[in-house]
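> got a structure for you, letters missing:
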């Protein structure tokens, strides 16, 4: 009887609060996934001031706490309220706390440390700030945060030419120094070189008697902790050791700017192009290290990737051009990278596809799409009905491109073209909601059944019905 009452209460509660429970469960799953990922994708951040300058004392985060982007903005705002407004940003491609553990001389051998300059600067600072676990996605916005707080644009400098710069102590400045990172056996050597560069930059500020606030962090974690569950039924005994297989993933196409730094990245599994009944995979000719990118240009607002081909599709020459532009949209209050056109120049003719309707991403991210095509669900649309693009068919598989805010030879976080809810997911959700509604209605009808509670007493007087003519 008790179990029946409990079941009745549960069924009634489900019927009344089905929608709220579904929403809470969906939100919980999203938060759970995000929390798991953020636990393993973290970078450290170190902040200190020059000798004689004081930075407000900031409370250190609790052990194991991951600092989010909003918390980082609060830290920086509080720090700049009293610290010098000549800010130095040392942005390393990759950095993790494990780098300090392995190469920081933490086991007593301080002379063997790869961070001697950084350690000395932290010790000389009156109130340094150390954030061991910063959400790596927030580190990408640190440059924008400082630009917003100081109200000035960042200047990317080369340490070799820093001595020629005359610093002005009366006006704030924001200088960004890019530091490379080499994984493998050369990691320590790379960190030593970066530490020496940091020392040279700090010495220039000291020689000109300019107070400063320095920040050292990474754009990505150099090591990501992965959990490997023990699969049931799998043998955990001894096995023969063998060399790990070589990765078959081809590196992206990298285009450098006039300073020799990467400014455009492109990757695709296939770049199929069809013309006059013939088809060829253009990706085969560019990801083998022999790509001809003459004519490519890139700057802060415009990037133009040009790939030159010879003798493909029975054409004497072919140029595949991706035109990208950085555009600020007031609605989102941020810059977006938009691929405006994909152009084919061949034997004196041009075919132009408009791509701005579907190929776009935040300027800090790269764009990725499993399928970019001019045929089915087209993201590439001919410019007009009479354009030569109508004679071409393009189909790019596993396509990824980045034309702005490139910090190395690795793509930034990818903004995918796929929507969060696909048609299949919508069909499943609607079908499930319909089934839940039918089940709820059926249970409601069953609970409305009433048993008979009035019966004739066989031992009592008989019912007499008067009859009258």
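Happy to help now that I have it. Everything numeric here is computed off the predicted structure, so don't read it as measured data.

> what does the longest strand belonging to the chain rub up against?
Ranked by residue count and defined by DSSP state E, the top strand of the chain is strand 315-329. With contacts defined as Cβ atoms under 8 Å, 6 or more residues apart in numbering, strand 315-329 is touched by 266, 271, 273, 275, 282, 295, 300-310, 312, 334-347, 363, 401, 403-404. Any C-beta I mention is one placed from the backbone N, CA and C, and that applies to glycine too.

> over to stretch 185-192?
By Cβ under 8 Å, 6+ apart, stretch 185-192 touches 99, 103, 114, 115, 180, 181, 182, 222.

> what residues of that stretch count as buried?
For stretch 185-192, a neighbour-count test (16 or more other Cβ atoms under 10 Å) marks 187, 190, 191, 192 as buried.

> and stretch 389-398, by the same measure?
By neighbour count on 16+ other Cβ under 10 Å, the buried set for stretch 389-398 is 389, 392, 394, 395, 396, 397.

> quick one: contacts for the first one?
Which is residue 389. Residues counted as contacts of residue 389 (Cβ under 8 Å, 6+ apart) are 344, 351, 352, 353, 374, 382, 383.

> three-state assignment of it?
helix (DSSP: H, G, I helix; E, B strand; the rest coil).

> same thing with residue 429?
helix.

> ok, it - contacts?
Contact analysis of residue 429 by Cβ under 8 Å, 6+ apart lists residue 421.

> now the contacts of stretch 185-192: which count as buried?
Among these, those buried by neighbour count (16+ other Cβ under 10 Å) are 99, 103, 114, 115, 181, 222.

> skip the chain neighbours and tell me the closest residue to the last one.
Nearest residue to residue 222, sequence neighbours excluded (Cβ to Cβ, 6 or more residues apart in numbering): residue 94, at 3.8 Å.

> from residue 441, how far out is the one you found?
Distance, residue 94 to residue 441, by Cβ to Cβ, to the nearest Å: 57 Å.

> these two: which is more packed in?
Remark: of residue 94 and residue 441, residue 94 carries more neighbours, 22 against 11, as counted by other Cβ atoms under 10 Å.

> next one: the nearest residue to residue 256 once chain neighbours are set aside from residue 296, what distance?
Using Cβ to Cβ, 6+ apart and skipping the chain neighbours, the partner closest in space to residue 256 is residue 262 (5.8 Å). Separation of residue 262 from residue 296 (Cβ to Cβ): 12 Å.

> shared neighbours, these two?
Residues touching both residue 262 and residue 296 by Cβ under 8 Å, 6+ apart: residue 255.

> where does the stretch 1-150 of the chain dip in pLDDT?
Applying pLDDT under 70 to the stretch 1-150 of the chain flags the ranges 1-40, 52, 64, 105-111, 136, 139-140.

> mind listing the strands for it?
Ranges of strands in the stretch 1-150 of the chain, per DSSP state E, counting those that start in this stretch, are 42-49, 86-94, 129-135.

> once you drop chain neighbours, what's closest to residue 253?
For residue 253, ignoring the flanking residues on the chain, the nearest one in space by Cβ to Cβ, 6+ apart is residue 266 at 4.3 Å.

> again with residue 86
Closest residue to residue 86 apart from its sequence neighbours, by Cβ to Cβ, 6+ apart: residue 212 at 4.6 Å.

> ok, now residue 309?
Among residues not flanking residue 309 along the chain, residue 318 sits closest, at 4.2 Å (Cβ to Cβ, 6+ apart).

> tally of neighbours for the one you found?
Other residues within reach of residue 318, judged by other Cβ under 10 Å, total 21.

> now do the one 5 residues further on
Applying other Cβ under 10 Å, we find 19 other residues in the vicinity of residue 323.

> so what's it bridging to?
residue 304, residue 341 (DSSP bridges).

> can you check the one 4 residues further on too?
Bridge pairing for residue 327 (DSSP bridges) gives the partners residue 336.

> next one: residue 373
residue 395.

> I figured it was touching residue 395, is that so?
Yes. Between residue 373 and residue 395 a contact is recorded at 4.5 Å, counting by Cβ atoms under 8 Å.

> any idea which helix or strand comes after the strand or helix carrying residue 204?
In this structure, residue 204 sits in helix 187-207 according to DSSP states H and E. As assigned by DSSP H and E, the chain's next helix or strand after helix 187-207 is strand 213-220.

> what does whichever helix or strand comes after that next one contact?
Sequence order places strand 253-256 as the next helix or strand after strand 213-220, per DSSP H and E. Contacts of strand 253-256 with the rest of the structure, by Cβ under 8 Å, 6+ apart, involve 262-267, 286-287, 291, 293, 296, 298, 305, 307, 409.

> next one: stretch 393-402
Counting by Cβ under 8 Å, 6+ apart, 252, 264-275, 305, 322, 324, 337, 339, 342, 353, 359, 365-375, 380, 411-412, 414 sit against stretch 393-402.

> swap the cut-off to 6 Å and go again
For stretch 393-402, the external contacting residues (Cβ atoms under 6 Å, 6 or more residues apart in numbering) are 265-274, 366-369, 372-375, 380, 411.

> all strands for the stretch 251-400 of the chain, in order.
Per DSSP E, counting those that start in this stretch, the stretch 251-400 of the chain carries strands over the ranges 253-256, 262-267, 270-275, 278-281, 297-298, 302-312, 315-329, 334-346, 349-354, 360-362, 366-373, 381-382, 392-402.
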